[in-house]
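J.: Coordinates for the following, if possible.
(2 chains)
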There are 2 protein chains.
Amino acid sequence: MSYIGVGVSPGNVPVYHGSSLKVVDRRVRVAELVLRCVICVLAILCAVLIATDTQVKEIFTIQKKAMFTDMKALVFLVISNGLVAAYSLAQVLRCVMNMMRGSVLFNKPLAWAIFSGDQVMAYLTLAAVGAAAQSAVLAKFGQNELQWMKICDMYGKFCNQIGEGIATGLLMSLSMVVLSAISAFGLFRLYGENKSKFVGRL
Amino acid sequence: MSYIGVGVSPGNVPVYHGSSLKVVDRRVRVAELVLRCVICVLAILCAVLIATDTQVKEIFTIQKKAMFTDMKALVFLVISNGLVAAYSLAQVLRCVMNMMRGSVLFNKPLAWAIFSGDQVMAYLTLAAVGAAAQSAVLAKFGQNELQWMKICDMYGKFCNQIGEGIATGLLMSLSMVVLSAISAFGLFRLYGENKSKFVGRL
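T.: Model prediction:
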């Protein structure tokens, strides 16, 4: 006797059930691999854009050089992007190895480790982008109430490149958010139970 | 014939299985309710601490007043905390109603809505705290390279209260992070399957 559909307590292993889930599983794994590659590339691009950005201005006879190290938030962004790039590279290798072996993640401690790592990276990068964006807004518009002057009028080219770097970082952290949802799916479905066992109202 | 344990494909509904899961479910729901209450209180506290903070300084005959509106990041923090407080209150009401009706969440669209809301709030608050913390660091230490001067030497009491507000906001957003993991658990376990159906290596 075989049952088809979700929410049925089966006596035998249903063929449709397993194969359809395998298709979902394959798609999720491919999406995860693509996202991790995209994140790795974006993180490297963001770090390079910001870290290599400099501009020299000559005011009378004094030379002034703008660098990302002038702003702590940018240093934090570069470091966090470096971390994410290294982490993503390691995860890409893991994904590729798993796909080559054709294995499915049913190991709770590993799923917890991946979930935690992804969560930390997502929150870290979003906080770093938030802080860098705040600094960028201050640099662009100044803060008259505090007599903090605009610096982007003076260092236009420098500011533009920083803006591109922050936009890349934002795109990367949004991808990281989607990825952390995927790894949450990978972890918590391991705790799923057949719904017919105790169905509640709602 | 009855089976006890996870990973077994049961012909009958196992009694132990359902009841142990109900205990876990009850604990998760209580933890969720407590966390949502804590978050609501912390969000209100953070918004009040920052929004009510003012300090007047007299420099010669000119009166200067420091307010949270002088810094855009603080305005963003107050608004995001207001949003979180309202959202948490609505969610607390939902949790209490569900507990009173004794119902279990097995409704995928609702679980998706709660998960998405919690994720947005968690990332929003963390980005807001990141931006506010960056502003606070600038206010405390200045940025000599950009000729942005420290303002906390002048407005000591104001800065201390803002610091307390940001610390409260950080605590709130960390609670929000834990809560969003709980709602991810609530959603994705609905996609869980009996592991014996197709066991992979790893």
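J.: Taking chain A, what residue is nearest to chain B?
T.: Closest to chain B within chain A is A:Gly192: 1.0 Å, counting by Cβ to the nearest Cβ. (C-beta placed from N, C-alpha, C; glycine too.)
J.: Next, the contact list for that residue, please.
T.: B:Phe188, B:Arg189, B:Leu190, B:Tyr191, B:Gly192, B:Glu193 (Cβ atoms under 8 Å, 6 or more residues apart in numbering or on different chains).
J.: Give the single residue among those positioned nearest to chain A.
T.: Distances from the contacts of A:Gly192 to chain A were compared by Cβ to the nearest Cβ; the smallest belongs to B:Gly192, at 1.0 Å.
J.: Tell me where chain A has helices.
T.: Secondary structure of chain A by DSSP state H: the helices cover A:15-51, A:72-101, A:108-141, A:156-188.
J.: Same list, those, but as CSV with mean pLDDT and distance to B:Phe76 please.
T.: Output for the helices of chain A, formatted as CSV (pLDDT from 0 to 100; distance: least, Cβ to Cβ, whole Å):
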stretch, mean pLDDT, distance to B:Phe76
helix A:15-51, 84, 22
helix A:72-101, 92, 15
helix A:108-141, 90, 8
helix A:156-188, 92, 15
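J.: mind putting those in TSV, mean neighbour count included?
T.: Conversion of the helices of chain A to TSV gives the following (neighbours: other Cβ atoms under 10 Å in any protein chain shown):
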stretch	mean neighbour count
helix A:15-51	17
helix A:72-101	18
helix A:108-141	21
helix A:156-188	21
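J.: Tell me, how many residues neighbour A:Gly102?
T.: The burial metric for A:Gly102, expressed as a neighbour count using other Cβ atoms under 10 Å in any protein chain shown, is 9.
J.: hang on, A:Val28 packs against A:Ile182?
T.: Yes: if you go by Cβ atoms under 8 Å, A:Val28 and A:Ile182 touch, sitting 6.3 Å apart.
J.: what is in contact with those two at once?
T.: By the contact definition Cβ under 8 Å, 6+ apart, A:Val28 and A:Ile182 are jointly contacted by no residue.
J.: can you put the helices of chain A in a markdown table and add distance to chain B?
T.: What follows is these, written out as a markdown table (distance: least, Cβ to the nearest Cβ, whole Å):
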| stretch | distance to chain B |
| --- | --- |
| helix A:15-51 | 5 |
| helix A:72-101 | 5 |
| helix A:108-141 | 3 |
| helix A:156-188 | 4 |
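J.: Is it possible to get CSV of the ones you listed that adds distance to B:Gly130?
T.: Supplementary listing: those in CSV, determined by distance: least, Cβ to Cβ, whole Å:
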stretch, distance to B:Gly130
helix A:15-51, 16
helix A:72-101, 9
helix A:108-141, 4
helix A:156-188, 11
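J.: which residues touch A:Leu35?
T.: Residues in contact with A:Leu35 (Cβ under 8 Å, 6+ apart) are A:Ser175, A:Val178, A:Leu179, A:Ile182.
J.: so A:Thr168 makes contact with A:Ile39?
T.: No: applying Cβ under 8 Å, one finds A:Thr168 not in contact with A:Ile39, separated by 11.0 Å.
J.: any idea how far B:Leu174 is from the nearest residue to A:Tyr123 once chain neighbours are set aside?
T.: Leaving aside its sequence neighbours, A:Tyr123 sits nearest to B:Leu126 (Cβ to Cβ, 6 or more residues apart in numbering or on different chains; 5.4 Å). B:Leu126 sits 8 Å away from B:Leu174, taking Cβ to Cβ, to the nearest Å as the criterion.
J.: What of A:Met97?
T.: Using Cβ to Cβ, one obtains 33 Å as the distance from A:Met97 to B:Leu174.
J.: likewise A:Ala66?
T.: Counting by Cβ to Cβ, the gap from A:Ala66 to B:Leu174 is 35 Å.
J.: A:Leu170 now?
T.: The gap separating A:Leu170 from B:Leu174 is 22 Å, by Cβ to Cβ.
J.: And for A:Arg27?
T.: From A:Arg27 over to B:Leu174 (counting by Cβ to Cβ), the distance is 33 Å.
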